[in-house]
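> show me the folded form of this:
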Amino acid sequence: MQDISWVSGLSASWLAEHLQDGVYAIENERMVYANAALCRLLGRTAEEIVGHPFIDLIAPQDQALVLNRHRDRIAGVEGPERYTIHLLTADNRALPCELHVGATVIANGRYLAVGNVHDVTEKMALQKELLETTEELARIYQQLPDMYYRVGMDGVLIMVSPACINLLGYTQQELVDRPLAELYRNPRHLQRDMRTILRRRGRPAQTEAEMIHKKGHSVWIQANSSFHEAENGAPAWMDGMARDITARKRMEEQLAALARTDSLTGVYSRRHFIEASEDLIRLMRRNRRPLSLMMADLDHFKRINDAYGHHAGDLALVAFATTCREIIRKSDLLGRVGGEEFAIALPETALAQALELAERLRDATAAVAVPVHGENIGLTVSIGVTELADDETSLHAMMRRADVALYQAKAEGRNRVAFG
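Okay, here's the model as predicted:
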């Protein structure tokens, strides 16, 4: 029969029936009470527990710790009231439990230690799983090829992953607490990107920016970012993953350059020349400034191809394009608009000045000698010139007039300049 006289107003049956945690009482280092929950926990009967030394219920690895703390408490030494130990079950398993201990001295001088125990097997399994997951995430974080970053709404970096050293040349310590704008080639683009991310309302947003490597060169970054809210709903910080897309951007620039330029001569392609010239016309009209256009066509080009081959024709075209670059200004636009036909848009240039430039170009072309198979091939060019009319808004009309003038120069014997 368990001695539970120290329990005031409660019966042993009430405890056994209603308490889910194991409850115990110890006197003189022996168990004097164990409720039903404790018996179930250990797989033992009350008779197998009560009257026996409490230390027999403690797993060997924890016996010294528990016994010393029990004796310290009886001696008046304060110790932790709650800690984790392993109890020994009937089948000799070490069961992890959270132990909550207390001590009560009753009227007749007897000293009882009372408390409860709670099975934390599941809790510890979850903690272990969480720890393993955390460690795994830490390993992933350390090994991410892309850079993870977190930045406050003030634009200051809070956290970066180790990949930053490969991406931007900086260590984590060098980047944390640093304004992100300092890494932008154009700092104003940071505000642009942050507005883009905020408009997505927490959904990931993709942005691209030109950043500055620690060594000073540019690195193009693509970031997938989102912002997170504080408890009051206000944006608190943003985070995301950033990767190096410099190689892709360079390829895009090369492709764009190929689309803009003629692959043989390196001057503007027909399409890009027309687009750029249309923009130039709008600018000149808005500022009420003159604009002239030259259409130039190499004379007897078919004869060069027929007599010397297409390679010789290509050399002639390259030589003429080079001559044009030497004569015109940087602000002028030069394009190859046909097989052997070139166009030159001349901003801030009236017709009289354009005619002078055309004559200089004609003379310079006549002085060119293209070496082919040990022989020098001479070149001449016919040029048609026109000026932007007051009521014109399109390049096409100018090109038609310059073409008519060009054919007039051809008809008059070639190697000459005409205007229309």
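> for stretch 68-78, list every residue counted as buried.
69-70, 73 (16 or more other C-beta atoms under 10 Å). All C-beta spots, glycine's among them, are computed from the backbone N, C-alpha and C.
> keep only those of these that are in helices.
Residues from the buried residues of stretch 68-78 lying in helices, with DSSP state H as the criterion: 69-70, 73.
> export those residues to CSV and tack on distance to L255 and pLDDT?
Formatted as CSV, these follow (distance: C-beta to C-beta, whole Å; pLDDT from 0 to 100):
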residue, distance to L255, pLDDT
R69, 75, 88
H70, 79, 87
R73, 79, 83
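> I'd like to know which of those residues is nearest to C324.
Ranked by distance to C324 (C-beta to C-beta), those are led by R69 at 95.8 Å.
> quick one: contacts for that closest one?
R69 sits next to 79-80, 101 when contact means C-beta atoms under 8 Å, 6 or more residues apart in numbering.
> change it to 7 Å
Residues near R69 by C-beta atoms under 7 Å, 6 or more residues apart in numbering: G79.
> can you check E278 too?
E278 makes contact with L395 under the criterion C-beta under 7 Å, 6+ apart.
> tell me the secondary structure for it?
Following DSSP: H, G, I helix; E, B strand; the rest coil, the label given to E278 is helix.
> could you do D91 as well?
D91 ends up coil, using three-state DSSP.
> surely it touches G43?
Yes. In this structure D91 lies within contact range of G43 using C-beta atoms under 7 Å: 6.2 Å.
> thinking again about what came up before, nearest to D332 among the ones in helices among the buried residues of stretch 68-78?
R69 (92.8 Å).
> pLDDT wise, what is D332 at?
At D332, the model reports a pLDDT of 95.
> tell me if I'm right that it and L346 touch.
Yes. Using C-beta under 7 Å, D332 makes contact with L346 at a distance of 5.3 Å.
> picking up where we left off before, possible to save the buried residues of stretch 68-78 as TSV with distance to T196?
As requested, the buried residues of stretch 68-78 are exported to TSV (distance: C-beta to C-beta, whole Å):
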residue	distance to T196
R69	59
H70	64
R73	63
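> of those residues, closest to V337?
Distance to V337, by C-beta to C-beta, is smallest for R69 among the buried residues of stretch 68-78, at 95.0 Å.
> higher neighbour count, D91 and G43?
Neighbour comparison, D91 and G43: the larger count goes to G43, with 13 against 7 (by other C-beta atoms under 10 Å).
> which ones are touching the nearest residue to the more buried one once chain neighbours are set aside?
Counting by C-beta to C-beta, 6 or more residues apart in numbering, G43 lies nearest to A90, which is 3.8 Å off, once chain neighbours are set aside. Neighbour list for A90: 42-44 [criterion: C-beta under 7 Å, 6+ apart].
> which residues of this structure score low on pLDDT?
Across the chain, the ranges flagged by pLDDT under 70 are 1-19, 103-107, 109, 131-138, 140-141, 143.
> compare D332 and L346 (neighbour count), which wins?
Comparing D332 with L346 by other C-beta under 10 Å, the one with more neighbours is L346, at 25 against 19.
> that one sits in which helix or strand?
Secondary structure assignment for L346, by DSSP states H and E: strand 341-347.
> hmm, back to that, if I look at the residue nearest to G43, how far off is F273?
To F273, A90 is 94 Å away according to C-beta to C-beta, to the nearest Å.
> just to revisit the earlier point, quick check: phi and psi on the residue nearest to G43?
Main-chain torsions, A90, degrees, to the nearest 10: phi -60, psi -30.
> just the strands in the stretch 51-200 of the chain please.
Using DSSP state E, counting those that start in this stretch, the strands found in the stretch 51-200 of the chain span residues 82-88, 94-105, 111-119, 147-152, 157-160.
> need those in CSV with distance to R336 and mean neighbour count, can you?
Output for the strands of the stretch 51-200 of the chain, formatted as CSV (distance: least, C-beta to C-beta, whole Å; neighbours: other C-beta atoms under 10 Å):
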stretch, distance to R336, mean neighbour count
strand 82-88, 82, 17
strand 94-105, 82, 16
strand 111-119, 85, 18
strand 147-152, 44, 19
strand 157-160, 49, 19
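> identify whichever of the ones you listed lies nearest to A350.
Closest among the strands of the stretch 51-200 of the chain, using C-beta to C-beta: strand 147-152, at 54.7 Å.
> given the closest one, what are its sheet partners and their directions?
If you go by DSSP bridges, strand 147-152 pairs up with strand 157-160 (antiparallel), strand 235-244 (antiparallel).
> got those as TSV, with distance to G22 columns?
Shown next, in TSV, are those (distance: least, C-beta to C-beta, whole Å):
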stretch	distance to G22
strand 157-160	44
strand 235-244	44
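> per-domain residue ranges of the protein.
As assigned by automatic domain parsing, the chain contains the domains 12-124, 144-249, 261-419.
> most tightly surrounded among those?
Mean neighbour count (mean count of other C-beta atoms under 10 Å) peaks for domain 261-419 among the domains of the chain, with a mean of 18.
> quick check: end-to-end length of it?
The straight-line separation of the ends of domain 261-419 (C-alpha to C-alpha, to the nearest Å) is 27 Å.
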